[in-house]
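>>> Structure, please.
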Amino acid sequence: MVHSMTGFGKARVSIPGKNISIEIKSLNSKQQDFSVRMPGNFKSKEMEIRKMLQSSLFRGKVECNINVELTGESSNYTVNTELVKSYFEQMKPLLSSSEMTPEVLSTIMRMPDVMNSDKDEVEPQEWDSLKKGISEALNNIVDFRNTEGKSLENDLIKRMMSIEKGLETVKECDVVRVEKMKERLNSAISEIKEDLIDKNRFEQEVIYYLEKLDINEEKVRLAQHCKYFRETLSNAGEKGKKLGFIAQEMGREINTIGSKANDAEIQKTVVLMKDSLEKIKEQILNIL
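Next up is the predicted model:
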């Protein structure tokens, strides 16, 4: 099964005095690129939160935002008014009004470190609720990735079928091409006077010419790469990088067929195969 690196998941948990919202989004990336934004009093749990993210999402550019909304039942938090003013001054050039509207204030209140807690440690009940919320958000983003992965897999299979169909067309055209090549060589040979050529040298040149235009090895290797691509696509686990390597090898064989064939019909087919392969490469970038 294919898993996309693109996804989004959110969750919301409530505890006495506050509501905690968790949002996790991910995009494609070659490496693990995880960032976590949270209130200052949660910082002591950052490593544990990162481990939870990494164990479920593995790879990609992942952003986790944790916001706390006070419900009025708790007095553990105070507003950092100086920081609020600083944020507002930085935002002024971007605003149409110099007044702090409720919408602007609401945005500023969600920015880092605006809310200060007189507690440095997270209480066990609060941490348990936060973990539950993170797990729920992770389940949601994993489901999202799976759904996206099915769409990616269907598209990749469709593109692969196009390349395989192109390979069959190349095989059919190659039979005709070889026959035409033989006819041209026989015609050329019949016009040459025997006493004007070195037969051994001429045979060597003909063999060299035929080998340069022969694409049988490329056809066999491309068929093997297509088969291997399908097998890898159906395997479990991370496969994006591996599929990328296979696609590179497929590209080499397709390019070589195009350059060696010296045939208009084959080259037209090669162009279509290249187009399908480029789309495959683009999609692979999103695969875990």
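>>> switch to C-alpha atoms for all contacts and neighbour counts from now on
OK.
>>> Show me where the stretch 151-288 of the chain has its helices.
For the stretch 151-288 of the chain, the helices defined by DSSP state H, counting those that start in this stretch occupy 199-213, 216-234, 240-261, 264-284.
>>> Next, format those helices as a markdown table and append distance to residue 59, mean pLDDT and mean neighbour count.
Formatted as a markdown table, these follow (distance: least, CA to CA, whole Å; pLDDT from 0 to 100; neighbours: other CA atoms under 10 Å):
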| stretch | distance to residue 59 | mean pLDDT | mean neighbour count |
| --- | --- | --- | --- |
| helix 199-213 | 44 | 68 | 12 |
| helix 216-234 | 18 | 95 | 16 |
| helix 240-261 | 10 | 94 | 18 |
| helix 264-284 | 14 | 95 | 17 |
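>>> Low-confidence stretches in the stretch 101-250 of the chain?
Within the stretch 101-250 of the chain, the segments meeting pLDDT under 70 span 115-121, 189, 191-210.
>>> Please repeat the previous calculation with a cut-off of 80.
The model of the stretch 101-250 of the chain has pLDDT under 80 over residues 109-122, 181-212.
>>> what are the ranges of the strands in it?
115-117 (DSSP state E, counting those that start in this stretch).
>>> Now do stretch 101-113: everything it contacts.
With CA atoms under 8 Å, 6 or more residues apart in numbering as the test, stretch 101-113 has contacts from 37-40, 67, 80, 83-84, 87-88, 114-115.
>>> show me what contacts residue 214?
260-261.
>>> roughly how far apart are it and residue 181?
11 Å (CA to CA, to the nearest Å).
>>> Over to residue 14?
Residue 14 is 78 Å from residue 181, by CA to CA.
>>> and if you look at residue 257?
16 Å.
>>> can you check residue 70 too?
From residue 70 over to residue 181 (counting by CA to CA), the distance is 81 Å.
>>> Pick out whichever of these two has more residues nearby.
Between residue 70 and residue 181, residue 70 has the larger neighbour count (other CA atoms under 10 Å), namely 17 against 14.
>>> one step back: need the helices of the stretch 151-288 of the chain in CSV (columns: distance to residue 168).
Formatted as CSV, the helices of the stretch 151-288 of the chain follow (distance: least, CA to CA, whole Å):
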stretch, distance to residue 168
helix 199-213, 18
helix 216-234, 9
helix 240-261, 13
helix 264-284, 10
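>>> Nearest approach to residue 128 belongs to which of the ones you listed?
Nearest to residue 128, of all the helices of the stretch 151-288 of the chain, is helix 240-261, at 34.4 Å by CA to CA.
>>> Which strands or helices does that closest one pack on?
helix 199-213, helix 216-234, helix 264-284 (3 or more CA pairs under 8 Å, 6 or more residues apart in numbering; DSSP states H and E).
>>> Now tabulate those in JSON lines and tack on distance to residue 171.
Listed next are these as JSON lines, based on distance: least, CA to CA, whole Å:
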{"stretch": "helix 199-213", "distance to residue 171": "14"}
{"stretch": "helix 216-234", "distance to residue 171": "8"}
{"stretch": "helix 264-284", "distance to residue 171": "9"}
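>>> what's the closest of those to residue 20?
helix 264-284 (35.1 Å).
>>> and the angle for that closest one with helix 240-261?
170 degrees (axes from the mean of the first three to the mean of the last three CA atoms, to 10 degrees).
>>> circling back to that earlier point, for residue 10, which of the helices and strands packed on helix 240-261 is the nearest?
Using CA to CA, the nearest of the helices and strands packed on helix 240-261 to residue 10 is helix 264-284, at 25.2 Å.
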